[in-house]
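Visitor: I would like the atomic coordinates for the input below:
(chains A and B)
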2 protein chains.
Amino acid sequence: MSETVAEVGEFRLIERFTRHFGTTDAVLLGPGDDAAVVAAPDARVVACTDMLVEGNHFRRDWCSAADVGHKAAAVNLADIAAMGARPTALLAAVCAPQDTPAEWLEGLASGLADEAAAVGAAVVGGDTTRGDQLTITVTALGDLEGRAPVTRAGARPGDVIALAGKTGWAAGGLNVLSRGFRSPGALVGAYRRPQPPYAAARDAALMGVNAMIDISDGLLADLGHIASASGVAIDVDTAALPIPEPMRNAAEALGSDARRWLLTGGEDHALAAAFPADVLLPEGWRRIGSVAEGGGVTVDGRKWSGPTGWDHFATS
Amino acid sequence: MSETVAEVGEFRLIERFTRHFGTTDAVLLGPGDDAAVVAAPDARVVACTDMLVEGNHFRRDWCSAADVGHKAAAVNLADIAAMGARPTALLAAVCAPQDTPAEWLEGLASGLADEAAAVGAAVVGGDTTRGDQLTITVTALGDLEGRAPVTRAGARPGDVIALAGKTGWAAGGLNVLSRGFRSPGALVGAYRRPQPPYAAARDAALMGVNAMIDISDGLLADLGHIASASGVAIDVDTAALPIPEPMRNAAEALGSDARRWLLTGGEDHALAAAFPADVLLPEGWRRIGSVAEGGGVTVDGRKWSGPTGWDHFATS
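Guide: Have a look, this model is predicted:
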């Protein structure tokens, strides 16, 4: 039997967490004091925060503790990457019911640390507290390495819209799990542990991409954010977005619409970007649409009917 | 009737939040993109995160939404101040049940923004999501202005232990509210809206204090953190900690122990520090003890019997 967090107590729990965290050259002062100190070499820091709530963003019977840790880190690291920045550090605040196994929270800590380490970042601090619902808030910090931040506002008419990473797989995985199935593994795995295309984001930043966004609300919704921030129209070319075989099969088996997963599913944390038309797209990017004067997002030149993504307060 | 967050929806809610946030010269890119960009003038950033959970850290019938916002900001800004840093920015992640009045969350946003503005910082980003329990996670960033961070580890034998701000008032206020009373106002107000001694922290940092800590777990518990991080013994002189009249009266009326509030109550977010013995303490600081070789914390030379502070997972 694993001890619960109540049995372990806050201070011992934090010690058990901290063992997993590792360090990097950017960590000038790690966990254990009132705050951490992280290098910000170009005198700016990029920062974002995202919260995962049990029952809403994850279920303990669907995902391992390490999966949740990886995801909580990835959703934030993808935001940093989407700004064209190099992630440097994470902070994690965890609210847990008193009967949560301490082992589960250790798994969470190891997942957070491993995903951070995969991009050269480290967990530098956090908070633990008790509550009724398992809730994990991660903050990520990043370094722009002297470059201008890549915002959502830089797309220009004539730009190419490109995608790095996959979309729709996590939505498919969630559908599969919701119906009580555990396969196909490619979909379920994508839901459990999204893999943002960190390297592709960096390459895009290095070559001067015009606008970039982490797709967390769904491809169309997030392209809508670029369109509205940039004051442009975006058209998506579905011929460039073939439905992968395992996704088509799973959707057919479940009576779902694979195209809808692809165009409106969040949680894969792919990246969308607007590149100048004349550039050779870096590795990992593929053209999926174009930018024109106007506003809004169309699909094959037509208005998309149906929801474009995810509203976290809407009743689904 | 106020609209609920479900009725308002995530995107409009974020707009209504963001209206309150203001800006400063340090905000290079504010809310609205995947991440914010904040100035880090000396190429380092100080960062911490703290979570407030309804029912554990606050109750909506005891505190206004603005109170909770002020507190969520203050607990983090105090940590930044305790490192000897100047707070620059906050990020706030809010998890709220769908029936939460949008007005309450706007009050929260205004409280966060006002407390940040009071120290020259601004709210630069955040996240909103739904869940069963109102939970607010704030991350604070700060700038060391070229100085070394003030840690818990720098206290040396011979140092003077000094206190800035008040302790025990918030614990008294919580006791008063728990028994169903609303006065005395000085105690209840201290619980609702702690006032960390930001200016005193900065003065201490400027004059080269040896160690400093934000008192969030209780004076003795937090001095224990300095003692153990510094490898020293700390003795607290209660003659220097007279019990204020309103606190004594309230404790007597409730059959509580005012000295225990003073020595072990957290949540006022006072600061404790170790100063070199020969320095004139900056304004706002008063001597309350001394540092010697050894380990642990004593009160008037004797072991303190009873709890020293707050363990967030202990059953109270």
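Visitor: report how many residues lie close to A:G131.
Guide: 25 (other C-beta atoms under 10 Å in any protein chain shown). C-beta here means a position set from N, CA and C on the backbone, and glycine is covered the same way.
Visitor: could you pull up phi and psi at it?
Guide: Main-chain dihedrals, A:G131, degrees, to the nearest 10: phi -170, psi -180.
Visitor: tell me the contacts of it?
Guide: A:G131 makes contact with A:95-97, B:53, B:55-56, B:133, B:135 under the criterion C-beta atoms under 8 Å, 6 or more residues apart in numbering or on different chains.
Visitor: can we see that at 7 Å?
Guide: Residues in contact with A:G131 (C-beta atoms under 7 Å, 6 or more residues apart in numbering or on different chains) are A:95, A:97, B:53, B:56, B:133, B:135.
Visitor: surely the fourth one is in contact with A:T128?
Guide: I take that to be B:N56. No. Between B:N56 and A:T128 no contact is recorded; they are 11.8 Å apart, counting by C-beta atoms under 7 Å.
Visitor: ok, A:N56 to chain B distance?
Guide: 6 Å (C-beta to the nearest C-beta, to the nearest Å).
Visitor: next: A:I288.
Guide: On the measure of C-beta to the nearest C-beta, A:I288 and chain B end up 19 Å apart.
Visitor: ok, that residue - contacts?
Guide: A:I288 is in contact with A:161-163, A:236-237, A:240-241, counting by C-beta under 7 Å, 6+ apart.
Visitor: which elements pack onto the lowest-mean-pLDDT helix or strand in chain A?
Guide: For chain A, using mean pLDDT, DSSP states H and E, the weakest element among its helices and strands is helix A:10-18, scoring a mean of 81. Contact analysis of helix A:10-18 by 3 or more C-beta pairs under 7 Å, 6 or more residues apart in numbering or on different chains; DSSP states H and E lists helix A:102-118, strand A:122-130 as its packing neighbours.
Visitor: what do you get if the cut-off is 10 Å, keeping everything else the same?
Guide: Secondary-structure packing of helix A:10-18 (3 or more C-beta pairs under 10 Å, 6 or more residues apart in numbering or on different chains; DSSP states H and E): helix A:5-8, strand A:86-96, helix A:102-118, strand A:122-130.
Visitor: so that helix versus helix A:102-118, what angle?
Guide: With axes from the mean of the first three to the mean of the last three C-alpha atoms, to 10 degrees as the basis, helix A:10-18 and helix A:102-118 are set at 40 degrees to each other.
Visitor: tell me how far stretch A:39-56 lies from the chain's centre.
Guide: The chain centroid and the centroid of stretch A:39-56 are separated by 11 Å under C-alpha atoms, centre = their mean, to the nearest Å.
Visitor: could you give the mean pLDDT of it?
Guide: In this model, stretch A:39-56 carries a mean pLDDT of 97.
Visitor: any idea which of the helices and strands packed on helix A:10-18 gets closest to B:G9?
Guide: B:G9 lies closest to strand A:86-96 among the helices and strands packed on helix A:10-18, at 24.5 Å (C-beta to C-beta).
Visitor: mind listing the strands that closest one pairs with, and their directions?
Guide: Here strand A:86-96 is paired, per DSSP bridges, with strand A:122-130 (parallel), strand A:135-143 (antiparallel).
Visitor: just the CA trace of it, in PDB.
Guide: The C-alpha coordinates for strand A:86-96 follow below in PDB (Å, rounded to 0.1, in the frame of the first residue of the first chain):
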ATOM      1  CA  ARG A  86      13.800  28.200 -25.800                       C
ATOM      2  CA  PRO A  87      12.200  26.800 -22.600                       C
ATOM      3  CA  THR A  88      14.400  27.200 -19.500                       C
ATOM      4  CA  ALA A  89      12.300  26.300 -16.400                       C
ATOM      5  CA  LEU A  90       9.000  25.100 -15.000                       C
ATOM      6  CA  LEU A  91       7.300  25.800 -11.700                       C
ATOM      7  CA  ALA A  92       4.500  23.400 -10.700                       C
ATOM      8  CA  ALA A  93       1.700  23.900  -8.100                       C
ATOM      9  CA  VAL A  94      -0.200  20.800  -7.200                       C
ATOM     10  CA  CYS A  95      -3.500  20.600  -5.300                       C
ATOM     11  CA  ALA A  96      -4.300  17.100  -4.100                       C
END
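Visitor: low-confidence ranges in the stretch 1-150 of chain A?
Guide: Low-confidence segments of the stretch 1-150 of chain A (pLDDT under 70): A:1.
Visitor: again, only this time at 90
Guide: Counting by pLDDT under 90, the stretch 1-150 of chain A contains low-confidence residues at A:1-3, A:5-22.
Visitor: distance check, A:A74 against B:E106.
Guide: Using C-beta to C-beta, to the nearest Å, we find A:A74 at a distance of 31 Å from B:E106.
Visitor: check A:G146 too.
Guide: Noted for A:G146: a distance of 38 Å to B:E106, by C-beta to C-beta.
Visitor: between the two, which one's more packed in?
Guide: Shown here are A:G146 and B:E106; by other C-beta under 10 Å, B:E106 has more neighbours (20 against 9).
Visitor: residues contacting the more buried one?
Guide: Going by C-beta atoms under 10 Å, 6 or more residues apart in numbering or on different chains, B:E106 touches B:2, B:8, B:13, B:16-17, B:19-20, B:65-66, B:69.
Visitor: what about 6 Å?
Guide: With contact taken as C-beta atoms under 6 Å, 6 or more residues apart in numbering or on different chains, B:E106 is in contact with B:R16.
Visitor: can you give me the strands for chain A?
Guide: Remark: strands assigned in chain A by DSSP state E are A:27-29, A:36-39, A:44-53, A:86-96, A:122-130, A:135-143, A:160-164, A:211-214, A:233-236, A:271-275, A:285-292, A:296-299, A:302-303.
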